[in-house]
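[1] mind folding the following:
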Amino acid sequence: MLGQKLEQTLGQPRQTPAAEVPDGAGIPITDPLVIAKCGACHASDGHGNIERISTARTTPEGWQDVLRRMVLVKGMSLSPPEARTIVKYLSTHLGLAPEEAKPVMYDTERRIHDESDVANQQLVDACTKCHTFARALSWRRTAGDWKQFLEGHAERYKIPPHEGALAFFARVAPLITPEWTAWNNRTRTQNLAGRWLVTATVIGRDKYYGEMVIEAAGTDDEFKTRVNLRSAKDGSALIREGRSALYDGYAWRGRSKGGVSASPAPDDPANEVREVMWFASDQSKAEGRWFWGQYQEFGFDVRLQRAVPGDPRLLGIDRTALKTGSQGERIRLIGDNFPGEVTPADVNLGPGVTVRRIISHSATEIAVEVDVSAGALSGRRDVAFRHSAIEGALAIYDRIDYIKATPESTLAAFGGPGQPRGYQQFEAIGYQRGPDGKRHTPDDVQLGPVDVTWSIEIFYATADTKTDTVGNVSSTGFFTPAAESPKNNFDVWVIAQAKEEKDADGKPLVGKAYLVVTVPFYTFNGRRYVRDLERWVDDGPVRAGQ
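    As a prediction, this is how the structure comes out:
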């Protein structure tokens, strides 16, 4: 369960349990702007603690949401530069430790994430009707502040107070934790400038490999970036430029874009994206999501690793699976600093796979021809070039036993007056039954994308029901909802039927995803100002509104 996982991540026992934090104690505020802007409404205790601020910690997005509410609901006067300065200070001095932030990163990254195993059903009912449970677990508070927050939340949204919520949050998310104490005492330097190797995947579209060059942009925590990627599928180039800021030594927030046309396609990977990444404490690697779209439905899954001059590094391969007994298969290894001399012995694809010859090679790519023995064991195995390896990069299989249409359940949104549509990209993934010989069990082997034909089917539809009033799905699994809302929600099956793979009865394998196509999500009048605040959080010195 998410709550249990969080407790396990934070560790036991705690050095300072919530019950030991005296009422009124907190983290002193020293920034003059925070004191001037927040102290006008929030009382100070004379020891540097400001009411409701010194007793809480959260992510940059959490503090941004607080400022947003103060501006839009309380009438706080705040310019975008001031907003960014305040968010920067609070995120650094009253933020989360990296170990606290990582379990709930999926909320900040706008990922679809199953929270059905949250601590208990009552908490699910109380919290996840309006937002993810991770939103609540992105905060740390004193027991007194949790009590005040929960009571105010219940009153504001007219919901009954949850009997066990205070005990749960006070135990799982206290203000002071060993992780935060250790992180707060470290000397943190922003040593990110330089060349980084990038692996980026866009669901249903492509894998990209390349580099990101990070340069300082005026201060030690603001950066300019240039990303040069190449498609593993067709070798096409994707160049992006952006600006970013680093909060608390690990939380990367930024924006970047490629050279897009005046009216780019909704799923064009050159669109402007918001970048959310988590850097390791030693700043040797990072991971996260770069996303875009009206509902953040598109995104790159991104991994970075710092480039080491002269060190051969394997980043990925262009194939995800090979069938037993296949001969003369061609595989491309993609990486960095490959040497001028390469032999078959340098490449290891695991037992049962023989590298017959090197077809071609360069500093960033090696093409090899391989044979897979008929008796090779099915399952995932590592792929290595000399000492550089990728764990579980290649799957060996004897047959595809079933396919899944992913994401298995999701949303799309109709358009409306002044409201862009929310799209959805689907992908069909093949699976092998795994060592236990049973399908749909935990040891099943994921094999990667399968070539399929896509269609949609409306729930409770009759034979003559037309689907174009809801939308359509392309040959690549891209669902486009209708431009105008029919003012009703629709439950839809998105169906993937394999073109070649058959089941035991000789019928094509089929996978289904559940899609709700819903009315547009309307927003409030302050949207433009809110976006200005977000840009200051993300972009540093870039002028708000540009």
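
[2] where in the stretch 351-500 of the chain is pLDDT low?
    For the stretch 351-500 of the chain, the stretches flagged by pLDDT under 70 are 462-465.

[3] likewise for the chain?
    By pLDDT under 70, the low-scoring segments of the chain are 1-24, 118-120, 462-465, 521-546.

[4] can you give me the domain boundaries for it?
    Domain assignment for the chain by automatic domain parsing gives 2-184, 194-306, 316-397, 402-518.

[5] okay, the ones you listed in JSON lines with mean neighbour count next?
    To be clear about C-beta, it is placed using only N, CA and C from the backbone, and glycine gets the same treatment. Output for these, formatted as JSON lines (neighbours: other Cβ atoms under 10 Å):
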{"stretch": "domain 2-184", "mean neighbour count": "17"}
{"stretch": "domain 194-306", "mean neighbour count": "18"}
{"stretch": "domain 316-397", "mean neighbour count": "17"}
{"stretch": "domain 402-518", "mean neighbour count": "16"}
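
[6] each with direction, which strands does the helix or strand where L447 lies pair with?
    Assessed by DSSP states H and E, L447 sits inside strand 445-449. Strand 445-449 pairs in its sheet with strand 427-432 (antiparallel), by DSSP bridges.

[7] run through who's touching the partner strand.
    Residues outside strand 427-432 that contact it (Cβ atoms under 8 Å, 6 or more residues apart in numbering): 203-204, 321, 378, 395, 397-406, 439, 444-452, 477, 496, 498, 501, 509, 511.

[8] likewise stretch 331-349?
    Stretch 331-349 is contacted by residues 197, 209, 211, 232, 307-319, 322, 355-358, 361-368, 370, 381-386, 388-389, 394 when judged by Cβ under 8 Å, 6+ apart.

[9] off-centre distance for it?
    30 Å (Cα atoms, centre = their mean, to the nearest Å).

[10] using PDB, write out every CA atom in that stretch.
    The C-alpha trace of stretch 331-349 is given here as PDB (Å, rounded to 0.1, in the frame of the first residue of the first chain):
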ATOM      1  CA  ILE A 331      20.100  -5.600 -33.600                       C
ATOM      2  CA  ARG A 332      21.400  -2.000 -33.200                       C
ATOM      3  CA  LEU A 333      23.200  -1.100 -29.900                       C
ATOM      4  CA  ILE A 334      23.000   2.600 -29.200                       C
ATOM      5  CA  GLY A 335      25.400   4.400 -26.900                       C
ATOM      6  CA  ASP A 336      28.300   6.800 -26.500                       C
ATOM      7  CA  ASN A 337      32.000   6.600 -27.000                       C
ATOM      8  CA  PHE A 338      32.100   3.300 -28.700                       C
ATOM      9  CA  PRO A 339      35.700   2.500 -29.700                       C
ATOM     10  CA  GLY A 340      37.000   2.300 -33.200                       C
ATOM     11  CA  GLU A 341      37.700  -1.400 -32.900                       C
ATOM     12  CA  VAL A 342      34.700  -3.700 -32.000                       C
ATOM     13  CA  THR A 343      34.500  -7.400 -32.100                       C
ATOM     14  CA  PRO A 344      31.600  -9.900 -31.500                       C
ATOM     15  CA  ALA A 345      33.200 -10.800 -28.200                       C
ATOM     16  CA  ASP A 346      32.500  -7.200 -27.000                       C
ATOM     17  CA  VAL A 347      28.800  -7.700 -27.200                       C
ATOM     18  CA  ASN A 348      26.900 -10.000 -24.800                       C
ATOM     19  CA  LEU A 349      23.200 -10.800 -25.200                       C
END
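
[11] contact partners of the strand ranked longest in the chain?
    If you go by DSSP state E, the chain has its longest strand at strand 490-502. Residues from elsewhere that reach strand 490-502, judged by Cβ under 8 Å, 6+ apart: 399-400, 403, 405, 426, 428, 430, 450-460, 470, 473, 477, 479, 508-517.

[12] from those residues, which land in strands?
    403, 405, 428, 430, 452-458, 473, 479, 508-517.

[13] now the strands for the stretch 201-350 of the chain?
    Ranges of strands in the stretch 201-350 of the chain, per DSSP state E, counting those that start in this stretch, are 206-216, 222-231, 237-247, 251-258, 273-279, 285-292, 298-306, 313-317, 321-323, 329-336, 347-348.

[14] of these, which is nearest P80?
    Of all those, it is strand 237-247 that lies closest to P80, at 13.4 Å by Cβ to Cβ.

[15] tell me the contacts of the residue lying closest to N472 once chain neighbours are set aside?
    Distances taken as Cβ to Cβ, 6 or more residues apart in numbering place T480 nearest to N472, at 5.8 Å, with adjacent residues excluded. T480 sits next to R421, Y423, G471, N472, V473, S474 when contact means Cβ under 8 Å, 6+ apart.

[16] okay if I get those residues as TSV plus distance to P339?
    As requested, those are exported to TSV (distance: Cβ to Cβ, whole Å):
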residue	distance to P339
R421	49
Y423	44
G471	51
N472	49
V473	45
S474	42
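
[17] of all the residues you listed, which comes closest to D248?
    Once Cβ to Cβ is applied, the member of these that ends up nearest D248 is Y423, at 33.6 Å.

[18] wait, the closest one touches D268, no?
    No. Y423 is beyond contact range of D268, at 11.6 Å (criterion: Cβ atoms under 8 Å).

[19] can you show me the helices along this protein?
    2-10, 32-38, 60-72, 80-93, 98-101, 105-108, 121-127, 133-136, 143-156, 165-172, 178-184, 527-539 (DSSP state H).

[20] out of those, nearest to A412?
    Here helix 105-108 is closest among these (Cβ to Cβ), at 19.8 Å.

[21] elements contacting the closest one?
    Other helices and strands packing on helix 105-108, by 3 or more Cβ pairs under 8 Å, 6 or more residues apart in numbering; DSSP states H and E, are helix 133-136, strand 273-279.

[22] make a markdown table from those and add distance to L72 to it.
    Shown next, in a markdown table, are the helices and strands packed on helix 105-108 (distance: least, Cβ to Cβ, whole Å):
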| stretch | distance to L72 |
| --- | --- |
| helix 133-136 | 18 |
| strand 273-279 | 21 |
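
[23] so how far is S44 from the closest residue to T59 other than its chain neighbours?
    Nearest non-adjacent residue to T59, counting by Cβ to Cβ, 6+ apart: S138, 5.2 Å away. The gap separating S138 from S44 is 26 Å, by Cβ to Cβ, to the nearest Å.

[24] and if you look at G392?
    54 Å.

[25] quick one: closest of the strands of the stretch 201-350 of the chain to K102.
    Taking Cβ to Cβ as the criterion, strand 273-279 is the member of those that comes nearest to K102, at 5.9 Å.

[26] what's the angle from that closest one to strand 298-306?
    40 degrees (axes from the mean of the first three to the mean of the last three Cα atoms, to 10 degrees).

[27] strand 273-279 packs against which elements?
    Looks like strand 273-279 contacts helix 98-101, helix 105-108, strand 237-247, strand 251-258, strand 285-292, strand 298-306, helix 527-539 (3+ Cβ pairs under 8 Å, 6+ apart).

[28] okay, these in CSV with distance to I159 next?
    Formatted as CSV, the helices and strands packed on strand 273-279 follow (distance: least, Cβ to Cβ, whole Å):
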stretch, distance to I159
helix 98-101, 26
helix 105-108, 20
strand 237-247, 31
strand 251-258, 31
strand 285-292, 30
strand 298-306, 32
helix 527-539, 24
